[in-house]
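**Q** Got a predicted structure here, sequence first:
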Amino acid sequence: MNALDKVKFAATSAALDGILKYIDKNPQENLLKLVDKAESLTKGIFPQKNFEKFRNALHDDSNIWTGFALSILNDIDRDTIKKGFMAMGYGNYIGTKTVRENREKYKCNFPYIILFDPTSACNRNCKGCWSAEYGNKYSLTLDEMKSIVNQGVELGSHLYMLTGGEPLIRKNDIYEVCKEHPDCMFLCYTNATLIDDAFCKKMNELGNLTVALSIEGSPESNDFRRGEGSYDTTIAAMDLLKKNRCIFGISVCYTSANVDQVTSDAFIDLMIEKGSKFGLYFNYMPIGKDAVPELIPTPEQRKHMYAWLRRMRDQKTGKPMFVMDFQNDGEYVGGCIAAGRNYFHINSAGDIEPCVFIHYSDSNIRTHTLFEALQRPLFQAFFHGQPFNDNHLRPCPMLENPDCLRKIISETNAKSTDFLAPESAETLCSRCDKFAAAWAPEAEKLWNSTTHPTTKTYYYRDTPEGKAK
């Protein structure tokens, strides 16, 4: 932040202290006033309908989102709420303006979110995880991690997700990066093995660091993929986080073998009881030499996930934990969000990749800036091709539209970034062809039988240059 931004940030933070004390006097009534104030301050940056939904929820005692908001106030450390709101609210407000201005100025994708891997090292060996193959071979230096965030803020990115490997192996370096950027939010995907009381206290001290704990249903379905005892370890970490009044969520890879378990009422109710406030769901992707295409969820299971997500978020039928699915929520973000359209990924060797699941690159942080990567052939090919399907239930250029990824890699000559067994786009995409063909007609029926939101999108095809082609 520059000097002026620091002054504004400090003034907003001080005002928020008073607002939180005010809310505590009558949480439900005064949250309504906070929504009004937030809408006024953001001045049209975010859709008015979103604020109306917040108001409607707070007027209704039976609305699950009223209970959810009150649970945040009741369960989470006050200083964490304030610092987290500043990072997510103030940071996202500033970032959204910057991203939109940069997209118009430079005519290319600019991300809201950047994912990066502090290390390839991991103390687990989960089935179907490409990181399990890599070992302790690659790491970003602390200076490189700081540079990624510094450059990202210039682009407009104020949300960072740390993957791996197990990112908490680098927890001390992560603390330092978080401390330098109070206007950014950081989320670590973690196997929970390195969470202890000291870590929980540090989370609350920083306020802009949260975690998503990997867990997949019952003890049996979880430990089948993640190793014996991992379920109990994760549950114990949740108990520590809840005791310390930390905000956290879960990360769920759903497969053909565990869909029923990870969407069961028993599983979700237990996660809520343990203190989880959000759930990030990922469709299994057949990546790497040990990939198992049979674990890709079937079309019937994808339809189940689509319906389940909407029931979960419904104000009357849902449960008070926010869930999203990066595959089945494509309609809310206008399809594929990779290559900087909303996010991109940097692996532990510094390769700048379009997506955490698409391991190809034509740039590296040691030879290119992040801005340069957005303008290189690989990311430009994504920018020119998005959306890869007007049916946003088929968003991915790999899983649902494999010929699109074949074409992109062929035309850009991007190189495989798999550390152990580089694979061609043909090899990768051939694992997706069967599912893509089976899902296409089912996705069309589902898309044509339901209504969909109108999203604020930025597609190349809508620009004057795109229209001229």
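**A** Received it, and whenever you're ready, just let me know what you need.

**Q** domains for this protein, by residue range?
**A** 3-93, 109-469 (automatic domain parsing).

**Q** For the protein, which segments are assigned as strands?
**A** 113-116, 159-162, 185-190, 209-214, 248-254, 278-283, 322-325, 343-346, 352-353, 360-361, 415-416 (DSSP state E).

**Q** Generate JSON lines for these, with mean pLDDT as supplementary columns.
**A** Below are these laid out as JSON lines (pLDDT from 0 to 100):
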{"stretch": "strand 113-116", "mean pLDDT": "98"}
{"stretch": "strand 159-162", "mean pLDDT": "98"}
{"stretch": "strand 185-190", "mean pLDDT": "97"}
{"stretch": "strand 209-214", "mean pLDDT": "97"}
{"stretch": "strand 248-254", "mean pLDDT": "96"}
{"stretch": "strand 278-283", "mean pLDDT": "96"}
{"stretch": "strand 322-325", "mean pLDDT": "96"}
{"stretch": "strand 343-346", "mean pLDDT": "98"}
{"stretch": "strand 352-353", "mean pLDDT": "98"}
{"stretch": "strand 360-361", "mean pLDDT": "98"}
{"stretch": "strand 415-416", "mean pLDDT": "97"}
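
**Q** what's the closest of the ones you listed to residue 438?
**A** strand 278-283 (14.1 Å; C-beta to C-beta). Where you see a C-beta, it was placed from the backbone N, CA and C, and this is true even at glycine.

**Q** hang on, the earlier thing: right, and the strands of the chain - which one's nearest residue 25?
**A** Shortest distance between residue 25 and the strands of the chain, using C-beta to C-beta, is found for strand 322-325: 26.0 Å.

**Q** residues of that closest one that come out buried?
**A** 322, 323, 325 (16 or more other C-beta atoms under 10 Å).

**Q** picking that back up, dump the strands of the chain to JSON lines, plus distance to residue 468.
**A** Listed next are the strands of the chain as JSON lines, based on distance: least, C-beta to C-beta, whole Å:
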{"stretch": "strand 113-116", "distance to residue 468": "31"}
{"stretch": "strand 159-162", "distance to residue 468": "34"}
{"stretch": "strand 185-190", "distance to residue 468": "39"}
{"stretch": "strand 209-214", "distance to residue 468": "43"}
{"stretch": "strand 248-254", "distance to residue 468": "42"}
{"stretch": "strand 278-283", "distance to residue 468": "36"}
{"stretch": "strand 322-325", "distance to residue 468": "36"}
{"stretch": "strand 343-346", "distance to residue 468": "27"}
{"stretch": "strand 352-353", "distance to residue 468": "29"}
{"stretch": "strand 360-361", "distance to residue 468": "29"}
{"stretch": "strand 415-416", "distance to residue 468": "32"}
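
**Q** For residue 113, give the beta-bridge partners.
**A** Taking DSSP bridges as the rule, residue 113 bridges to residue 159, residue 343.

**Q** That one against residue 155, yeah?
**A** No. Applying C-beta atoms under 8 Å, one finds residue 113 not in contact with residue 155, separated by 10.8 Å.

**Q** Which residue of the two possesses the greater neighbour count?
**A** Counted by other C-beta atoms under 10 Å, residue 113 and residue 155 do not tie: residue 155 has more neighbours, with 22 against 19.

**Q** In this structure that one contacts residue 99, no?
**A** Yes. In this structure, residue 155 is within contact of residue 99 by C-beta under 8 Å, at 7.2 Å.

**Q** who touches both of the two?
**A** 110, 111 (C-beta atoms under 8 Å, 6 or more residues apart in numbering).

**Q** Please work out which residues outside stretch 104-114 touch it.
**A** 92, 95-96, 98-99, 102-103, 148-149, 152, 155-161, 339-346, 370, 374-375, 379-380, 382-383, 458, 463, 465.

**Q** Show only the entries of the residues you listed found in helices.
**A** Among these, the members falling in helices (DSSP state H) are 92, 95-96, 98-99, 102-103, 148-149, 152, 155, 370, 374, 379-380, 382-383, 465.

**Q** In ChimeraX, how would I select just the buried ones from those?
**A** Buried subset of these, written as a ChimeraX selection, criterion 16+ other C-beta under 10 Å:
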select :92,95,96,98,99,102,103,148,149,152,155,370,374,379,380,382,383
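
**Q** sorry, back to before: among the strands of the chain, which comes closest to residue 404?
**A** For the strands of the chain, proximity to residue 404 was assessed by C-beta to C-beta; strand 360-361 is nearest, at 12.9 Å.
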